[in-house]
Every structure is written in structure tokens, then in C-alpha cells.
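> Test case, fold it:
(3 chains)
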Amino acid sequence: VIARIAPGAAIVDLTHDVARWDVAAGAMTLWRAAPWLAPGVVLAVVDPGVATPRRAIALETGASPPAGPLFLVGPDNGILGPAARAAGIARAVVLDNPAWHFPNPSPNVSGATFAGRDVFAPAAAHLSRGVDLGELGSPIDPASIVGGESPGPVAAPGGGVGCVITWVDHFGNAQLNITPADLAGLGPDLVLVLPRIVRPISARASFAEIPSGALGLVTDSYGRCAICVDRGAAAAELGLSAGDSVVLR
Amino acid sequence: VIARIAPGAAIVDLTHDVARWDVAAGAMTLWRAAPWLAPGVVLAVVDPGVATPRRAIALETGASPPAGPLFLVGPDNGILGPAARAAGIARAVVLDNPAWHFPNPSPNVSGATFAGRDVFAPAAAHLSRGVDLGELGSPIDPASIVGGESPGPVAAPGGGVGCVITWVDHFGNAQLNITPADLAGLGPDLVLVLPRIVRPISARASFAEIPSGALGLVTDSYGRCAICVDRGAAAAELGLSAGDSVVLR
Amino acid sequence: VIARIAPGAAIVDLTHDVARWDVAAGAMTLWRAAPWLAPGVVLAVVDPGVATPRRAIALETGASPPAGPLFLVGPDNGILGPAARAAGIARAVVLDNPAWHFPNPSPNVSGATFAGRDVFAPAAAHLSRGVDLGELGSPIDPASIVGGESPGPVAAPGGGVGCVITWVDHFGNAQLNITPADLAGLGPDLVLVLPRIVRPISARASFAEIPSGALGLVTDSYGRCAICVDRGAAAAELGLSAGDSVVLR
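Take a look at the predicted model:
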């Protein structure tokens, strides 16, 4: 559909590995990638509420790269919120102008169940060929967009830093919602406290420096601390999933 | 190989998720996508009969988009037939002119077992840079191309509409070979009859409107009725696969 | 990152299916693909040693396609060596000039754990827009690059040809490190000898010619002999993995 509307557009697949219906995982994936993106349009669709009254939106970020603006397009269910708030939101619209939707090629097709194809992809394609955001629909208050940045760490009741796992990556590393600064003064040798597991964990500069069988706390490529093992899946070994709470002491 | 022959061609991956050897699934995938495609060339390869006498073909559809022609390239094993017949076939050739095949870079490589790389991709690349279809090989009768459109519903022996499952999508929704028009006069509340399961099923406008634990009949994004549950896999729950017969009463 | 540095670059995903940490599989994937590649830049990253002293390198192959040079970029852990040696290496550098790395968008991000994004992708992007290889870092001796071409067959102690499985493909075919020339004089009907299995195996011109239940030796699309069954996974049936030794008599 994008190629049909904007034949010259370069289409880059950032990922197709977000689990079905997992809006939060999609939101964190976009939040992680956004600072490195080229100017252009991001089409982000994880949309279990398709054909319900959830809004279809598009927005222009405030912190656009020097070479041009960055637009985000998708359902207003929280998938765009964290990345949009981190970058700032210059303006936003609801995609309520059907003139920019894709006309159904068949009278049998209502399009109601595939907004990714019929509403979001056309909006992204039209933005990429220079259509003004304001043409696509009615302006909305940026503050009304669903989803904010993830919360930071808290002081754990029994002492230490209470963290949340924000993502388990392809390798099984469990990213936390903290940076090394949040552990300042604690030194490199810590203890990881889970409901039924207490394990030593030490700060390491690389995956390969983690001794065999041990846990390492590695600053990952997004500046966050991650619970890791070398060439293994820490999350599976410890039974951890995105959203779980852990304590570092 | 395409980039080598046609350096300026934009390559869009429609899917790499067709199961190995499943020609019927590839054919239905192409049939579903075809009405939304931009002008250009579709390379479709699911080819368990590679290196046997099955024909390698290319064709121009009759219902080309206004902006330019649409070509289909692949083995003549049924993968192209349904989409080609739905769009109409203006002309077709067998890819028997070796001048347009890719020359092997090594004398050890016969190319006999990878026509996707050595025959089909070069044909697609040459078409995309403007080579005439007639140059690629000998003309064939469009009527001889394997594979037609899937059959419609039948009257079930014990009453009701006898349907076939044409596809189980990524979410587990089971698409049927019927549109809402095929259920006209039956009302929104039906019964799904399987060999060992009888379950109520009601027409719904969206996935989210299906009550928890219930089955919904949703008109999917291709205009077909699909058996669905909300945020779950109806096909797995009911033990259904593509090709299975079911009855709606 | 590539789109940001080189907006006009066409990005083609050769594969994302190399198993995590499997440098040898990545090296063989690149070695297989290289003879068919268009001029340009290959970015190859399987990098379990990220943030250790393993070198980050880029090289220009000696056997560049007529239409332009072919560059390889990646960690010097063996992933580039086999393809580079097969094509010849004209010149090589270590990517030690930080002026060509990607500047971190956040002071929290060290970049130490994601050289694919921060070092290799920028180098590939700069090469694609015409930056000279020599600008990216200090020259290194091509002979020092890790990884060579895979060894050929040996005479088996008890008679026959001792082979190694170099790859199990998506279909389950097990590629051997031999070509049909290595079996000259043995005839089409052979015996496959594994530690606990002895099975007849016959040379076949296509997968479809292998009788049901039998093993076939098919010359694959890279000119190598492969152990195959028709529409089944020979490697799973025989318990074979890449790196295993087998004997053909």
C-alpha cells in the first residue's frame, strides 16, 4: 500500500518481532529506537482494539533530526506515547479524514479490521510524500495521547534499589529501568533479590567478561543496566519477564 | 541477484512466513495481497518441484493498476494461478530463454536446485528494468496455468452452509471461503458444527467485541468471514487447519 | 542508522536467521552468498565478543564485480574471513577512527555493547556514500584476518570419503564439504556411515526424484553435495548438525 501511494519511498523494516497484542513491548521497542532514527515516518501498529473507538493518530515530534521532521503514525493505545513524549510532540491529529484512507478495491471489504493497511499505512505514505499533517485529520491535544515514559526506580522496602524489567531482548538479557547513575555509591558487587532467588551480580564492561555460571550487570546499548549471562539467556535462567520487579542491593 | 541485475529496483518483502513446501498457502497469500499491490513485479517462490519438469513462468495480469502493469513470476505449480485468474491474465510465457537466466559464478554450480535465484529472480529483475515479457521465453496459453480461484460454499447435507477454512492467520483466526452475503437471512447468532464440537458463534464488528470465552464471526480485512476469539487463537482452540470443512447453521 | 548517514542507500536484508552467537554459521552464510552479490557493502554482525579487544574491521575484496567494488564490514572473529579469502582481499583496515563512528544521542549511552549500531553500520553507510576505506581506520595485513575457507574432504580410515556437514538449511538438507567431483568413480549408489547409522544413499538430480523414505545425495545450489529427503528434514531424521563428520562409501 505504501509503494502504491508513495512509489519512491524507502521502506525499512525496524522489526516484525513484537509479540501479537503486546502494545507495551511495541511501545518500548519504538522508544528504544527513536533516538537513532533518520527523518521520516514511523508506522507502528500493534492494534488489538482495531475497529473499536480507540483513536487512529499521527504526530510530529518536537525534537526532529536536523535533516528533517520525524512523524509517528499508529493507534492511540500507548504504542506511540513513550517515544513521542521522550522526543516531544509538536502537533498531533486524529486520522478522521477519509479522503486519505485507502479506497477498498472490493465492495466486500470494509477495511474495519485492518487499519494498518487501510488507514495507518496510507497516512504514513502520504506524510512521506509531503502531505501536511494537518490535512490528515482534526488536531488533538498532545497531552491527550495515551502512554508516558516508563517510571524510574524506587527505594525498595527492605533496602536497595527497586527496579522493573522493561524488556527481555533476543539474547535473553533482562533490561532494567535504571542507568549506572542509579547505582552510584553501591560499588560493582551487588546482590539480585527475586521472590525466591538471591544471587550475587557484578557490574561488567562486556558480556564476555562475565564468568561462566555467574550473573553480570552490563550497561546495554540503550544506556540501561541489564541482567546478563555470557552466551546464555539470563531471563530464562531466572524466570524473568518484562514487567517483573526485582531489587538490587 | 535482483540488486545485481536491476540496481535501482526497490525490493519489498511481502512475506517470508509461508511454510516450506506449502504451495496452497503461498497461493492464498498472493491472492489476498494482489488487489493492494503497486504496479511492478511479484516474485513468488514455493517450489518443492524444483528441477523437475514443472514449468517456470511469468505473466502479465489483465487488471493492471492505472499506474503501470503488474507481473507475476514463479513456478507453475499453482502458486500464481488463483491471484492471476482473479486479476485476469493478459499474456504469459514459459521462462525457457537461458539468455535471461543468471550465469553461474562457478563451474561447480549447476543452478538446477535453486531456480528462485537462477531463473525467477533474474526474470523479475529484467521485467522491472523494462525487458518485455515476450523476450523471456515462449508464449503459453493463459488457460494452461495451474491453479484457480478457491471454490465457494455449498449447502451442508444436514442443513446450513458448508464452508472451507482457507487460511489460519498469524493471530489464529480461521478465515472461511464465505462473505457475509453467503449468510444472508440467517441472522447474527449461529452454530458452528465441527466433527466433534458444536459451539454457538455470533457475528461481531470487531475482535474486541467478542465476549471472553466465546466465538465470534468477524468480517476480516479481505472481506471474508473468519472464526475468531478475542486475543486468542481460535484455530488452535478448535483444532482447525487450512483446508478443513466446517458447517455454519 | 544507515538511513540517517546514507539516506539514498538501498538496504537489502540478506538474512536475519543466523542463530545468536553462531559466528561459524554467519561465516558460511556470507561465504555462500558472496559470489552472487551486487557491488556494494555487506554489513555482517554476529558478535559475542562485543566490547572485548576483538578487532572491528572493514575490507575491500579483490574479486570485485565488474560494476563496482564489494566491501565487507564486521567484527574480526571469523565471520568475514571465509568469504573474504574466497574473493581475495585487496586491502583492509581496523575501524579505529572514531570520527566515523555514530555519535551517541544520549550521554547515558556508551555504545560499548552495540558496535553493530555504533561502529559497523556507520562504517558501512559511509562506504556506501563513497568515503574511502582508508579514511575509516588504520591499514592491517589482510593475512591477519581471522578465518579461512573450510577444509575439504579426507580419506576415511576405514575407506570412503570423510566429509563434514557445513550447514543444515531451512528445509533440513545437510550440506557437505564436497562437490560431485570428490565422489568421481564411486558411482551413484553409495552408503552413508554415521556413528550408529548406516544407510544407502543415491545421487539424485532433484529433491522430487528421491523415493519416499529414502536418502538422496543432491547437488545443491552452491555446487555442494547435500544429504536430503523429499519434503522432509534429513538432518533431523539422522540427528545431524553443522560440524558433524560423516563418511560416504
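> Just read off the phi/psi values of A:Asp189.
Phi and psi for A:Asp189, reported as degrees, to the nearest 10, are phi -110, psi 110.
> Do you know the pLDDT at the nearest residue to it once chain neighbours are set aside?
With sequence-adjacent residues excluded and distances taken as Cβ to Cβ, 6 or more residues apart in numbering or on different chains, A:Asp189 is closest to A:Ser202, at 5.0 Å. From N, CA and C alone the C-beta is placed, and that goes for glycine too. With respect to pLDDT, A:Ser202 scores 96.
> A:Ser202 reaches A:Glu209, doesn't it?
No: under the criterion of Cβ atoms under 8 Å, A:Ser202 makes no contact with A:Glu209, lying 9.3 Å away.
> Spit out the residues that contact these two alike.
Common contacts of A:Ser202 and A:Glu209, defined by Cβ atoms under 8 Å, 6 or more residues apart in numbering or on different chains, comprise A:Gly216.
> the helices in chain A, which residues?
Taking DSSP state H as the test, the helices found in chain A are A:2-5, A:23-33, A:81-87, A:115, A:121-128, A:234-238.
> so where is chain A shaky, pLDDT-wise?
Applying pLDDT under 70 to chain A flags the ranges A:63-67, A:105-113.
> okay, which residue is most central for it?
Centroid-nearest residue in chain A, with Cα atoms, centre = their mean: A:Met28, separated by 2.3 Å.
> what's near enough to touch that one?
By Cβ under 8 Å, 6+ apart, A:Met28 lies in contact with A:Pro82, A:Ser150, A:Thr166, A:Trp167, A:Ala242.
> give me that answer again for 7 Å
By Cβ atoms under 7 Å, 6 or more residues apart in numbering or on different chains, the contact set of A:Met28 is A:Pro82, A:Thr166, A:Trp167.
> before we move on, what about A:Ala242?
Taking Cβ under 7 Å, 6+ apart, one finds A:Ala25, A:Ile165, A:Thr166, A:Trp167, A:Val168 in contact with A:Ala242.
> Which positions in chain A make contact with chain C?
Counting by Cβ under 7 Å from any Cβ of the partner chain, chain A comes close to chain C at A:10, A:12, A:35-36, A:38, A:170-171, A:179, A:205-208, A:218-223, A:231.
> Throw together a PyMOL command that grabs the buried residues out of those residues.
A single PyMOL command selects the buried members of the residues of chain A next to chain C (16 or more other Cβ atoms under 10 Å in any protein chain shown):
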select buried, chain A and resi 35+36+38+171+179+206+207+208+218+219+220+221+222+223
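> Please, where are all the strands along chain A?
A:40-43, A:56-61, A:70-75, A:89-94, A:138-140, A:154-155, A:161-168, A:174-176, A:189-193, A:198-204, A:215-219, A:225-228, A:245-248 (DSSP state E).
> Distance from the first one to the middle of the chain?
Translated: strand A:40-43. Centroid displacement of strand A:40-43 relative to its chain, using Cα atoms, centre = their mean, to the nearest Å, is 14 Å.
> Can you get me a residue count around the closest residue to A:Gly88 other than its chain neighbours?
Excluding its sequence neighbours, the residue lying closest to A:Gly88 (Cβ to Cβ, 6+ apart) is A:Gly62, at 2.7 Å. Look at A:Gly62: counted by other Cβ atoms under 10 Å in any protein chain shown, it has 15 neighbours.
> And A:Arg20, by the same measure?
That count, for A:Arg20 with other Cβ under 10 Å as the rule, works out to 12.
> try A:Pro139
By other Cβ under 10 Å, the residues close to A:Pro139 number 11.
> From what I see, A:Gly74 and A:Ala44 are in contact.
Yes: checked against Cβ atoms under 7 Å, the pair A:Gly74 and A:Ala44 is within contact range at 4.1 Å.
> got any residues that touch both of the two?
Overlap of the contact sets of A:Gly74 and A:Ala44 (by Cβ under 7 Å, 6+ apart) consists of A:Leu80.
> Looking at those two, which one has more neighbours?
A direct count of neighbours by other Cβ under 10 Å for A:Gly74 and A:Ala44 places A:Gly74 higher, at 30 against 24.
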